[in-house]
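J.: Sequence first, predicted model second:
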Amino acid sequence: MAHSIEKIAVIGAGTMGSGIAQVAAVAGFQVQLFDLNPEVLKKGMTGIQKNLLKAVELGKLSAENAEATLARIAPADDLRQLVCDVVIEAIIEKTEAKQNVFQSLAQINPPTTIFASNTSSIPITRIARGIPHPERVVGMHFFNPAHLMKLVEVISGEATSAEVAQTVAELSTQMGKTPVMAADAPGFIVNRVARHFYLESLKCLEERVADFATIDALMENSGFKMGPFKLQDLIGMDINFSVTSSMFDSFHGESRFRPSRLQEMKVEGGFLGKKTGKGWYSYE
């Protein structure tokens, strides 16, 4: 159960992975943050340090707690180092890549180690296929920025045991999050509901109903904290487009989930949002 969890490995030191590692460490867990790319790993650790310093400046965390939190995070570049109670993968949205990570870690971890995926849209049942002891594979979907957003979707695949799902829900609570239990369906809850927040806005842009800044302003003045185009830039154009493409495939090409060609052009051009300095808006 969650009270017996001490060590957590986070796979992927990008925006989501580093955010998850920070949340787990703040909650008192020993964390290993893994990435094959040393530059990404270094950037992830630097980002965590900046977030903690900002929390101290805002009075949300003491300097002592920030220092202790950082000390609980160990960077790792070798999967063979990752023997733990829970694995949370936050890598590219490709089934095979996620399965390969879990397959490798299954060889060095006991059957009791929980394998959690931060996937935004890939069915957990599909990811768990062929993984030893698939009952321990579960979805643990955080939202960006992970260190600030409270919601976590806990998704049970066909093989996921009720005990594992409950343990991950309790773990989310220990991390200061609000867990919501979800069934294994395309996009789960949030991404299925939110997809048209992006897609209809993109269709308005494609049809020249209004420019993207006007659409953002309209949505924000309607009560949304952030407009759809600003949010795409924050999340990452590539990630947002990948989730839409995955859902389009999962719904067997239903037109209402058709990815935007305008967004595809942004991705192909490398205009991915804040992380590259330019997306719909310029951040350079």
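T.: Yep, it's here.
J.: right, and Tyr281 touches Gly227 too?
T.: No - using CB atoms under 8 Å, Tyr281 is not in contact with Gly227, being 10.2 Å away. To be clear about C-beta, it is placed using only N, CA and C from the backbone, and glycine gets the same treatment.
J.: Comparing those two, which shows the higher neighbour count?
T.: Higher neighbour count among Tyr281 and Gly227: Gly227, with 23 against 15, using other CB atoms under 10 Å.
J.: my guess is that one contacts Ala217, does it?
T.: Yes - judged on CB under 8 Å, Gly227 makes contact with Ala217 at a distance of 6.9 Å.
J.: The closest residue to Ser62 other than its chain neighbours: what secondary structure?
T.: Excluding its sequence neighbours, the residue lying closest to Ser62 (CB to CB, 6 or more residues apart in numbering) is Val56, at 7.0 Å. In three-state terms, and counting by DSSP: H, G, I helix; E, B strand; the rest coil, Val56 is helix.
J.: any idea how far Val56 lies from Ile48?
T.: 13 Å (CB to CB, to the nearest Å).
J.: more crowded one of the two?
T.: Neighbour totals were compared for Val56 and Ile48, and Ile48 leads with 25 against 16 (other CB under 10 Å).
J.: Let me see the contact set for Lys43.
T.: Going by CB atoms under 8 Å, 6 or more residues apart in numbering, Lys43 touches Ala13.
J.: quick one: pLDDT of Ile5?
T.: Looking at Ile5, its pLDDT reads 95.
J.: In this structure it contacts Leu171, no?
T.: Yes - taking contacts as CB under 8 Å, Ile5 lies within contact range of Leu171: 6.1 Å.
J.: what residues do those two have in common as contacts?
T.: What both Ile5 and Leu171 touch, as defined by CB under 8 Å, 6+ apart, is the set Val86.
J.: Settle it for me: which of these two has more neighbours?
T.: Shown here are Ile5 and Leu171; by other CB under 10 Å, Leu171 has more neighbours (27 against 19).
J.: Quick one: classify the more buried one as helix, strand or coil.
T.: Going by three-state DSSP: Leu171 is helix.
J.: Please tell me how far it sits from Ile114.
T.: The gap separating Leu171 from Ile114 is 8 Å, by CB to CB.
J.: and for those two, which residues touch both?
T.: Common contact partners of Leu171 and Ile114 (CB under 8 Å, 6+ apart): Val86.
J.: Show me this structure divided up by domain.
T.: 2-183, 192-276 (automatic domain parsing).
J.: so how far is stretch 127-145 off the chain centroid?
T.: Distance of stretch 127-145 from the chain centroid (CA atoms, centre = their mean, to the nearest Å) equals 12 Å.
J.: buried residues in it?
T.: Neighbour-count burial for stretch 127-145 flags 127-128, 131, 133-145 (criterion: 16 or more other CB atoms under 10 Å).
J.: Among these, which are located in helices?
T.: Here DSSP state H is the test, and these give Ile127, Ala128 as lying in helices.
J.: Retrieve the pLDDT associated with the closest residue to Ala210 other than its chain neighbours.
T.: Leaving aside its sequence neighbours, Ala210 sits nearest to Cys204 (CB to CB, 6+ apart; 6.0 Å). Reported pLDDT at Cys204 in the predicted model: 97.
J.: Now Cys204: which helix or strand?
T.: Here Cys204 sits within helix 190-206, counting by DSSP states H and E.
J.: Next, the buried residues of that helix.
T.: Buried, per 16+ other CB under 10 Å, within helix 190-206: Asn191, Arg192, Arg195, Tyr198, Leu199, Ser201, Leu202, Cys204, Leu205.
J.: Same question for stretch 148-164.
T.: Here stretch 148-164 shows Val152, Glu153, Val154, Ile155, Ser156, Gly157, Ala159, Thr160, Ser161, Val164 as buried, counting by 16+ other CB under 10 Å.
J.: Equivalent analysis for stretch 213-224, please.
T.: Applying 16+ other CB under 10 Å to stretch 213-224 flags Ile215, Asp216, Met219 as buried.
J.: likewise stretch 49-66?
T.: Buried residues in stretch 49-66, counted by 16+ other CB under 10 Å: Asn51, Leu52, Ala55, Val56, Leu61, Ala66.
J.: so which of these comes closest to Thr119?
T.: Nearest to Thr119 out of the buried residues of stretch 49-66 is Asn51 (CB to CB; 23.3 Å).
J.: If I follow the layout properly, that closest one ends up in contact with His147?
T.: Yes - the pair Asn51 and His147 qualifies as a contact (CB under 8 Å) at a distance of 5.6 Å.
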